[in-house]
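1. this one's structure only:
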């Protein structure tokens, strides 16, 4: 069964009204990211429907997005309170996306608050025994600051991985159960990301669409179907580098195994 390690079903409703029908047709299991109650309740409803009819599962993820202190500062407290509420109820498969966004001076101005929020999310993930999904934009160095705490978590997913091959290995050497989740950027000539995807050990690989936010060239948004392009591209990159596994079928199975282990804490 194909799996998408990071997407936003709630945000796909407007631009892709048939997205959920397509996901069901593809039998695609997804990890749905939320930062407010409306999103989480929508994703929870989809998950309940899937369980009722035997459709593809949805892993529920919730975090205070690191962009929130800048773009919607008045929503930070409500998002934080919702995160604790949903974690306490036991419905979450992961905390996140959490992390740091230092893309420009405006985002950098909120770094102290991003630090405060991240510590709370990290502590919650540790207390609940949940994986943590990281959003890191120009902020890979921040992960190493918290490496000791991150090493205590069952898994750490680096969403839309943009670091180097060497940085990923360094995280593993620090005892972090890190998974580098690659999206459409590997099909968009991002050389650093392509190299990491080609060379990393198989047990660190994960794949995603970030739908609808990471479109392929010439497309207005990304879709669930893009997961197949991502896996196909990863297979090509690993084949060219001589790194196993490098068939689409092998990578698809590997991705699904890792997805289940991370978000449903089961082994295949």
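-> Yep, that arrived. A quick note: this is a predicted structure, and the numbers were derived from the prediction, not measured.

2. count the neighbours of the closest residue to residue 184 other than its chain neighbours for me.
-> Of all residues not flanking residue 184 in the chain, residue 214 sits nearest, at 4.6 Å (Cβ to Cβ, 6 or more residues apart in numbering). For every residue, glycine as well, the C-beta is placed using N, CA and C. For residue 214, the neighbour count with other Cβ atoms under 10 Å is 21.

3. surely residue 214 meets residue 182?
-> No: here residue 214 does not reach residue 182: they are 10.5 Å apart, not a contact under Cβ atoms under 8 Å.

4. joint contacts of the two?
-> Residues touching both residue 214 and residue 182 (Cβ atoms under 8 Å, 6 or more residues apart in numbering) are residue 160.

5. tell me the helices and strands packed up against the longest strand that the chain contains.
-> Longest strand in the chain, counting residues (DSSP state E): strand 94-101. Applying 3 or more Cβ pairs under 8 Å, 6 or more residues apart in numbering; DSSP states H and E, one finds that strand 94-101 contacts strand 29-34, strand 58-62, helix 111-128, strand 132-137.

6. let's see 6 Å
-> Other helices and strands packing on strand 94-101, by 3 or more Cβ pairs under 6 Å, 6 or more residues apart in numbering; DSSP states H and E, are helix 111-128, strand 132-137.

7. so the nearest residue to residue 165 once chain neighbours are set aside is in which element?
-> Residue nearest to residue 165 in three dimensions, not counting chain neighbours: residue 196, with 4.3 Å by Cβ to Cβ, 6+ apart. Residue 196 belongs to helix 191-199 when assigned by DSSP states H and E.

8. could you check that helix and say which residues are buried?
-> 193-199 (16 or more other Cβ atoms under 10 Å).

9. the residues you listed into JSON lines, with extra columns for distance to residue 104 and pLDDT?
-> Shown next, in JSON lines, are those (distance: Cβ to Cβ, whole Å; pLDDT from 0 to 100):
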{"residue": "193", "distance to residue 104": "20", "pLDDT": "97"}
{"residue": "194", "distance to residue 104": "25", "pLDDT": "98"}
{"residue": "195", "distance to residue 104": "26", "pLDDT": "98"}
{"residue": "196", "distance to residue 104": "24", "pLDDT": "98"}
{"residue": "197", "distance to residue 104": "26", "pLDDT": "98"}
{"residue": "198", "distance to residue 104": "30", "pLDDT": "98"}
{"residue": "199", "distance to residue 104": "30", "pLDDT": "98"}
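
10. which of those sits closest to residue 227?
-> residue 197 (14.1 Å; Cβ to Cβ).

11. can you pull the contacts of that closest one?
-> Contacts for residue 197 were tallied using Cβ atoms under 6 Å, 6 or more residues apart in numbering; they are 182, 186, 234, 237.

12. check which helix or strand the last one maps to.
-> With elements delineated by DSSP H and E, residue 237 resides in helix 226-241, which encompasses its position.

13. pLDDT on that helix, on average?
-> For helix 226-241, the mean pLDDT works out to 98.

14. can you give me the strands in the stretch 151-268 of the chain?
-> Ranges of strands in the stretch 151-268 of the chain, per DSSP state E, counting those that start in this stretch, are 156-158, 178-182, 205-207.

15. of those, which is nearest residue 257?
-> strand 205-207 (10.2 Å).

16. mind giving me the packing neighbours of that closest one?
-> On the basis of 3+ Cβ pairs under 6 Å, 6+ apart, strand 205-207 makes packing contacts with strand 178-182.

17. specify the angle between the strand it packs on and helix 226-241 in degrees.
-> Strand 178-182 and helix 226-241 meet at an angle of 110 degrees, taking axes from the mean of the first three to the mean of the last three Cα atoms, to 10 degrees as the criterion.
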